[in-house]
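>>> have a look; sequence and predicted model below, questions after that.
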Amino acid sequence: MHLRSMLLLLVSGAVLSASVWAQKQAGETDFAARFAAGQRAMASGDFEQAYTLFKQLEKIDGSVAEVHASLGVVDFKRGAFAEAVDEIRVARKLKPGLPNLDALLALSLAESGKEREALPGLEKAFHNATDPAVRRQAGLELSSVYAHLQMDRRAVETALELRYRYKNDPEVLYNTSRILGNSAYLTIEDLFQQFGASLWAHLAEAEALESQGRTEDAVKAYRSVLEIDPHRPNMHYRIGRTYLSRWKDGRNQSDLDAAAAEFALELQTNPSNANAAYELADIRSKAGDAAEAERLYRAAVEIYPDFQEAQTGLGGVLLRLHRAPEAVQALERATQLNPGDRTAWYRLAQAEHAVGNVEMQRAALAHYQQLRNGEQSHAGRAAQNAADAVSPQEIGTEEERQ
């Protein structure tokens, strides 16, 4: 719900009671008509006209709480937040029971710069309001106020709660990303200012440089981590991934060789790194060393049995080694782990053909064609892989000719 609709909702009860009140007064038809016109102007977004009409009503009778409440809404929309605060306070004094005025007052105080004064009302509205629109707007304002007051923990907690409650709301998602991003920035800033020479600062720098595609700088930062802790798990793997990323951009053999060397080093210091075993297996497979690729794919699967990409890669090399029954087993597992992987279905069709199972071959090819037509070749792969993203299996030119 947009802010205008939410604000109208805030005083909907007040507007109704004012109309009823006006109709009960003998000779006050003009008052009722102007009030109704003000409502219509507010509903259509013509807040200047609504302001004019409600100010006229205020001059006629300044004791009607609903008029002041409506002026509070109009002033809020016109950006006259201090005036909105004054009108809402008058409305509350005249009729304390008007619905949702506390929430509107808190929003107006926050927008007028009186954030600490606004906090109790925003917190109450966010945690206790029964109307989702009121709670949503109060939460958005509350997370921003917390952030401005450097109450970072509460800002993050509120933003996460908003995301949970309004997961399909683009404004909420934007606000959450802004709050979390600011928190992350401040945390990293503290890390570099207080512990700039630490392993963790070098690691954060390396990851940032890697995300920017600055390969050499990223490798240098990762090696700074290794200088502090030569046996640090995952570092050679990350260096290898950085080289592999550059190889994919430029196809320079030296980058691929450097990546392979780093993956091998990772396995020397950390034999349980399934990702390193998988990436090295993939490189060996592309180089034509099917036997070594099989050994490494099997190592990855042994470490992490639900490693879908490794199962798909293993099935591919077993096909090249003319061991189709074993390939069927690996590829059936791969398609179970991720039914959206067209490469696994294509290779399964090849394996079923090799063992003479025509019906299963046709079924696998049908799955492959359906996924290919829908361009879903790698849907859902990230959830199936081990901790870090790995290179996806692709159907090679040689496979497509078969």
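Received it, and whenever you're ready, just let me know what you need. Numbers count the residues shown, from 1 in each chain.

>>> please make it C-alpha for all contacts and neighbour counts, starting now.
Noted.

>>> so Asn234 touches Gln268, yeah?
No: between Asn234 and Gln268 there is no contact under CA atoms under 8 Å: 11.3 Å.

>>> so for those two, which residue has more residues nearby?
Asn234 (18 against 13; other CA atoms under 10 Å).

>>> got a list of what the more buried one touches?
266, 270, 273 (CA atoms under 8 Å, 6 or more residues apart in numbering).

>>> if I look at it, how far off is Ala299?
17 Å (CA to CA, to the nearest Å).

>>> likewise for Pro120?
58 Å.

>>> which of those two has more residues huddled nearby?
Using other CA under 10 Å, the more surrounded residue of Pro120 and Ala299 is Ala299, with 20 against 15.

>>> wait, doesn't Arg136 sit right on Leu162?
Yes: with contact defined as CA under 8 Å, Arg136 reaches Leu162; the gap is 7.1 Å.

>>> any idea how far Phe54 is from Tyr166?
34 Å.

>>> same thing with Gln39?
29 Å.

>>> more crowded one of those two?
Neighbour count, other CA under 10 Å: between Gln39 and Tyr166, Gln39 has more, with 22 against 15.

>>> that one: which element?
Assigned by DSSP states H and E, Gln39 falls within helix 29-44.

>>> so which elements touch that helix?
Where contact means 3 or more CA pairs under 8 Å, 6 or more residues apart in numbering; DSSP states H and E, helix 29-44 is packed against helix 3-10, helix 12-24, helix 47-60.

>>> mind giving me the packing neighbours of the longest one?
In this case it means helix 47-60. By 3+ CA pairs under 8 Å, 6+ apart, helix 47-60 packs against helix 29-44, helix 65-78.

>>> run the angle between that helix and helix 29-44 for me.
In terms of direction (axes from the mean of the first three to the mean of the last three CA atoms, to 10 degrees), helix 47-60 departs from helix 29-44 by 150 degrees.

>>> distance between stretch 83-103 and the chain's centre?
Mean-position distance between stretch 83-103 and its chain equals 37 Å (CA atoms, centre = their mean, to the nearest Å).

>>> send the alpha carbons of it over as CSV?
In CSV, the C-alpha atoms belonging to stretch 83-103 read as follows (Å, rounded to 0.1, in the frame of the first residue of the first chain):
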residue,chain,number,x,y,z
GLU,A,83,2.4,22.0,11.1
ALA,A,84,1.3,18.3,10.9
VAL,A,85,2.6,17.8,14.4
ASP,A,86,0.6,20.8,15.7
GLU,A,87,-2.6,19.7,14.1
ILE,A,88,-2.4,16.1,15.3
ARG,A,89,-1.7,17.3,18.8
VAL,A,90,-4.8,19.5,18.7
ALA,A,91,-6.8,16.5,17.4
ARG,A,92,-5.6,14.3,20.2
LYS,A,93,-6.4,16.9,22.8
LEU,A,94,-9.9,17.3,21.5
LYS,A,95,-10.6,13.6,21.0
PRO,A,96,-7.9,11.3,22.4
GLY,A,97,-9.8,8.2,21.1
LEU,A,98,-9.4,9.0,17.4
PRO,A,99,-7.7,5.9,15.8
ASN,A,100,-4.1,5.8,14.6
LEU,A,101,-3.2,9.4,15.6
ASP,A,102,-0.3,8.3,17.7
ALA,A,103,1.3,6.6,14.6
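
>>> any buried residues in it, and which?
Going by neighbour count (16 or more other CA atoms under 10 Å), the buried part of stretch 83-103 is 83-92, 94-95, 98-103.

>>> pLDDT of it, averaged?
Stretch 83-103 carries an average pLDDT of 89.

>>> stretch 327-347 now?
So the average pLDDT for stretch 327-347 ends up being 95.

>>> please enumerate the helices of the stretch 51-200 of the chain.
65-78, 81-94, 101-111, 115-128, 132-148, 152-165, 170-195, 199-211 (DSSP state H, counting those that start in this stretch).

>>> tell me which of those sits most buried.
helix 65-78 (a mean of 26; mean count of other CA atoms under 10 Å).

>>> wouldn't Val156 be in contact with Leu180 here?
Yes: counting by CA under 8 Å, Leu180 is a contact partner of Val156 at 6.2 Å.

>>> quick one: low-confidence ranges for the chain?
The chain contains residues with pLDDT under 70 at 1-29, 375-388, 397-402.

>>> what are the structural domain limits within it?
3-190, 306-402 (automatic domain parsing).

>>> could those domains go into CSV alongside distance to Ser245?
Formatted as CSV, those follow (distance: least, CA to CA, whole Å):
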stretch, distance to Ser245
domain 3-190, 25
domain 306-402, 9
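
>>> give me phi/psi at Asp341?
phi -100, psi 110 (degrees, to the nearest 10).

>>> quick one: it and His353, what's the gap?
If you go by CA to CA, the gap between Asp341 and His353 works out to 19 Å.

>>> compare the two (neighbour count), which wins?
Asp341 (28 against 17).

>>> re the thing from before, so which of the contacts of Asn234 sit within strands?
Among the contacts of Asn234, no member is found in strands (DSSP state E).

>>> most surrounded residue in the residues you listed?
Counting neighbours by other CA under 10 Å, Glu266 leads the contacts of Asn234 with 26 neighbours.

>>> what residues of stretch 220-238 count as buried?
Quick answer for stretch 220-238 (16+ other CA under 10 Å): 220-226, 233-238.

>>> and the furthest pair within those?
Spanning the widest gap among the buried residues of stretch 220-238 are Lys220 and Pro233, at 16.7 Å by CA to CA.

>>> Ala291 should be in a strand, yeah?
No: the assignment for Ala291 is helix, going by DSSP: H, G, I helix; E, B strand; the rest coil, so no strand is present there.

>>> can you start the count at 397 instead of 1 from here on
Understood, numbering begins at 397; the last thing we discussed is Ala687.
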